[in-house]
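> A structural model of the following input is requested.
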Amino acid sequence: MTRHTSALGSMATASAPTHPALAPLLDSYLGYDEHTHTPLRRREPATGSITVIIGFAPIRVHSPHAGSATPGTTRSFVAGLHAGPTFVEHDGRQAGIQLDLTPLGAYTLLGLPLAEIADRVVHLDDLPGWDGDALIDRLVSAPDWSTRFAHLDEVLLRRLAIGPEPLPEVIRSWDLLTASAGRIAVTTLARETGWSRRRLGARFRETVGLPPKTVARLLRFRHAIALLEGAPRSWAEVAAEAGYYDQAHFNRDFKVLAGCTPGAHLGSRLPTGGFAA
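The predicted structure follows:
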């Protein structure tokens with residue numbers, strides 16, 4: 001376990017790779033236990049993954065982009081693909097395990113079309129076949145993080161065996177989008193799959209949650225964030241390398257998907273991880 005302390009408080013984390021059969025769907029587990037001196041509110045920019053939080057303490061989550069004006073209190077939730085930021089709050093302590101699933105992995109492991117949870121934050125118990133309270137009880141009572149992660153392997157491997165499989169054309173489209181970091185035209189995706197744009201859009205959205213063009217926007221944005229956090233570059237260089245038309249296009253997308261400007265985003269990094277709201 002790794003522990004980080006700062007003026008805000010402390011954050012202890014533990015991580016481990018998943019079972020090899022699960023690795024294409026999610027790389028690793030992240031366990032965390034954070035204590036802060038005062039309530040804390042984090043801003044989570046839009047991502048290209050499905051976030052599952054199995055929480056051991058109450059938190060509040062809301063997504064203004066999806067029309068959620070006030071936070072809802074929960075312990076465990078699933079956040080579908082969002083075309084905007086999500087905000088997470090706690091009163092001084094949060095603990096649990098985070099899973100970042102690929103959309104195709106989430107389609108199989110969660111057992112439902114991701115269009116049903118796109119731009120939404122839903123309780124884990126609201127998903128078919130999930131008993132969030134029983135899962136939390138077993139994880140909390142485990143003696144250590146490695147035991148918790150091993151139990152999650154068991155749960156997810158069972159769901160992998162019975163979950164639905166994405167259509168090959170949707171898999172191909174997702175692979176092309178991720179390989180290009182969102183810099184591929186929908187017409188090219190349609191040509192590669194042999195489907196019409198309309199059919200591709202409908203099937204892709206049903207499985208992944210958002211249309212191919214919106215997902216391309218998310219992946220381009222995430223690539224831009226990775227560039228910002230890498231070697232020093234000008235805003236214009238980041239915009240060009242990430243595939244934006246110009247810096248103005250980059251700034252507009254960033255404001256929508258991160259909830260702030262690029263400069264404000266970099267300046268809001270918290271010492272315990274994540275970004276201040």
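> residue contacts, Ile171?
Ile171 makes contact with Leu104, according to CB atoms under 8 Å, 6 or more residues apart in numbering. (C-beta placed from N, C-alpha, C; glycine too.)
> doesn't it fall inside a helix?
Yes. Ile171 forms part of a helix when assessed by DSSP: H, G, I helix; E, B strand; the rest coil.
> leaving out the residues flanking it, which one is nearest to Trp235?
Closest residue to Trp235 apart from its sequence neighbours, by CB to CB, 6 or more residues apart in numbering: Gln247 at 5.5 Å.
> how far away is that neighbour from Ser268?
The gap separating Gln247 from Ser268 is 20 Å, by CB to CB, to the nearest Å.
> is Pro113 in contact with Glu206, as I believe?
Yes. Contact criterion CB atoms under 8 Å: Pro113 and Glu206 qualify, at 4.7 Å.
> overlap of the contact sets of these two?
Going by CB under 8 Å, 6+ apart, no residue sits against Pro113 while also sitting against Glu206.
> all helices of the stretch 101-250 of the chain, in order?
Secondary structure of the stretch 101-250 of the chain (DSSP state H, counting those that start in this stretch): helices located at 103-106, 132-141, 145-162, 168-179, 186-193, 197-208, 212-228, 235-242, 247-258.
> of the ones you listed, flag the one that's most buried.
Comparing the helices of the stretch 101-250 of the chain by mean neighbour count (mean count of other CB atoms under 10 Å), helix 103-106 ranks first with a mean of 24.
> name the helices or strands packed onto that helix?
If contacts are counted by 3 or more CB pairs under 8 Å, 6 or more residues apart in numbering; DSSP states H and E, helix 103-106 sits against strand 50-62, helix 168-179, helix 197-208.
> looking at the ones you listed, which is closest to Ala12?
Among the helices and strands packed on helix 103-106, the nearest to Ala12 by CB to CB is strand 50-62 (12.6 Å).
> perfect, I'm done here.
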